[in-house]
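Just to be clear, the model below is a prediction. Sequence and coordinates:
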Amino acid sequence: MALSLDMASFPVLVVDDEQDNLDVIRFNFKKAHALHFARSGEEALAQLEALDAACIVSDQRMPGLTGLELLKAARKLRPDSVNVLLTAYADMPVLVEALNEGLVYRYVAKPFSTDELAHAIRGAIERFYLLRENRRLMEQLKAQNQYLESEVASRFEPAGIVGQAPALQAVLEQVRQVAPTPSTVLLRGESGTGKELMARSIHLSSPRAEGPFVKVNCAALAPGVLESELFGHEKGSFTGALARRMGRFELAHGGTLFLDEIGDLSMEIQVKLLRVLQEREFERVGGTETLKTDVRLVSATNKDLEAGIAAQSFREDLYYRLNVFPIFVPPLRERALDIEPLAEHFVTRFARAAGKSIGGISDGALDKLLAYPWPGNVRELENVLERAVILAKGAVLEADDLDFGRRLQTLTVTLPGSASDLPGQLEEIERRRLTEAMAKHRGRKSDVARELGVNRSTLYYRLKKLGLDTEDSA
């Protein structure tokens, strides 16, 4: 079955020293193909320096280089070009040898039939396309395998999202709602709250789950490096570009691309990203070939993008493209119920990795974890517990095993009481949070409950218990 290709988009170079032959081909094929002409083998080679010809149609008998000599030289410049030879000497042994070696795809006897030549050119273009597509798929597969190997080598474990706090469950409900759709998602929240894990959950719950999940940290790379990382580059496009490299948009084809710290993009990269989101196409750095992409974009930031728009450091049109379905991931201090299960999860994981038998966390250690405000969120909790497991000498993690670093004294002095007054500390944090929410929504308890991710009965109970009960407002 013939491929459905736009034949006019593939360049065809026709080489013949007789102008009459060139005129006949121009007249019969100018509407069907993108034709380029040369009157000699030398002129054809000069054109091939810049012309990525899908098909070369050459006469055999020409002054200077013969057709076969031209095609042999052209193979070094354009190894993918598929060659058709025009000849009145079809029985030549040299032609048979060229056919056997694959140098010539087909030959057309002169005087040629336009139908026969049209069939040969179409077949050559289809062959060219299949060769290029096969190479692209092989490169993509190789690059994806390399990327996946680096992912496996990391310590990421697909253990799921740990936590039961209402604020977290509200986020997970949003994830469940948006995952089956193709919509672009923007994850917002402080650093270390688990935005990447949410992005993975969206991918794994989507129709693209069998495709790749590819991530890029936009803040970790200089703009020039980031452009190459996102879009790839051609060999020789800059110093050090020793070979063609596929970018993350190509690697993520058919899957999900996660752009972390997207608020750190330079304006130049923002323009290029906007074009990809609008047109679903791009070019590699130093390349001219326009590539199509089919990715689901999930991005994340801990920055105030609205302030960036006001400061003219973030494009407003890109913001609206990214902010189709925003999800706010709450900080750990608003998910106090999650600290204990997260701590148990991390201790189990790190103890297994360290070859230690640690059966749990003491009450003293848990009290210490609950009293700390966790400015670094889940990532800080993970790091603290990794150190604690390394330092632990017993079968249970103790309070003395926990080391929060220098921040502990400066971050806990504002809390009432001492570490032993944990209930009072937690109650004061809850009172402040509820007071702020009630003031923000002018006493409308339904709005307060929605923001905090709790039902109204729970909210009424906590307000009454803390002495904050007021008349309900509509």
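Cool, the structure landed.

tally of neighbours for Lys465?
Each residue near Lys465 was counted by other C-beta atoms under 10 Å, and the total is 12. C-beta: built from backbone N, CA, C; applies to glycine.

go on, Arg335?
Neighbourhood size, Arg335 [other C-beta under 10 Å]: 25.

One more: Glu261?
Applying the criterion other C-beta under 10 Å, we find 18 residues in the vicinity of Glu261.

Apart from its neighbours in sequence, what residue is nearest it?
Ala219 (3.7 Å; C-beta to C-beta, 6 or more residues apart in numbering).

what does Arg321 give?
If the residues on either side of it in the chain are set aside, Arg321 comes closest to Leu277, at 4.7 Å by C-beta to C-beta, 6+ apart.

about what we covered before: list the residues that contact the residue nearest to Glu261.
With contacts defined as C-beta atoms under 8 Å, 6 or more residues apart in numbering, the neighbours of Ala219 are 260-261, 264.

could those be laid out in a markdown table, adding pLDDT?
Shown next, in a markdown table, are these (pLDDT from 0 to 100):
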| residue | pLDDT |
| --- | --- |
| Asp260 | 94 |
| Glu261 | 94 |
| Asp264 | 93 |
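
Show me those that map onto strands.
Assigned to strands by DSSP state E, the following of these qualify: Asp260.

So the residue nearest to Glu261, which state does it fall into?
State at Ala219, reduced to three classes by DSSP: H, G, I helix; E, B strand; the rest coil: coil.

measure it to Gln164 for me?
Using C-beta to C-beta, to the nearest Å, one gets 31 Å for the distance from Ala219 to Gln164.

any chance of the contacts of Ala219 in JSON lines, with distance to Phe10 too?
Formatted as JSON lines, the entries for these read as follows, by distance: C-beta to C-beta, whole Å:
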{"residue": "Asp260", "distance to Phe10": "39"}
{"residue": "Glu261", "distance to Phe10": "40"}
{"residue": "Asp264", "distance to Phe10": "40"}
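
Between the contacts of Ala219, which sits nearest Phe128?
Taking C-beta to C-beta as the measure, Asp260 is the one of the contacts of Ala219 closest to Phe128, at 38.8 Å.

sorry, back to before: just to check, the residue nearest to Arg321 is in contact with Leu257?
No - using C-beta atoms under 8 Å, Leu277 and Leu257 do not qualify as a contacting pair, with a distance of 10.8 Å.

Return the per-residue confidence for Ile309.
On pLDDT, Ile309 comes in at 94.

Counting by contacts, list what the one helix or strand it maps to packs against.
When elements are defined using DSSP states H and E, Ile309 is found to belong to helix 305-310. Contacts defined by 3 or more C-beta pairs under 8 Å, 6 or more residues apart in numbering; DSSP states H and E place helix 305-310 against helix 316-322.

can you list the residues that contact the helix or strand that comes right after the helix it packs on?
Downstream of helix 316-322, the first helix or strand assigned by DSSP H and E is strand 325-328. Counting contacts by C-beta under 8 Å, 6+ apart, the residues outside strand 325-328 that touch it are 171, 174-175, 178, 181, 183-189, 198.

Let me know the secondary structure of Phe282.
Secondary structure for Phe282, judged by three-state DSSP, is strand.

which residues sit in contact with it?
With contact set as C-beta under 8 Å, 6+ apart, Phe282 has these partners: 231, 249, 272, 275-276, 290-291, 293.

Mind checking which of those land in strands?
In strands, defined here by DSSP E, the members of these are 290-291.

and which of the contacts of Phe282 is nearest to Leu337?
Looking at the contacts of Phe282 and their distance to Leu337, the nearest is Phe249, at 39.2 Å (C-beta to C-beta).

Isn't the closest one up against Thr293?
Yes - contact status for Phe249 versus Thr293: in contact at 4.7 Å, counting by C-beta under 8 Å.

Appreciated, that's everything.
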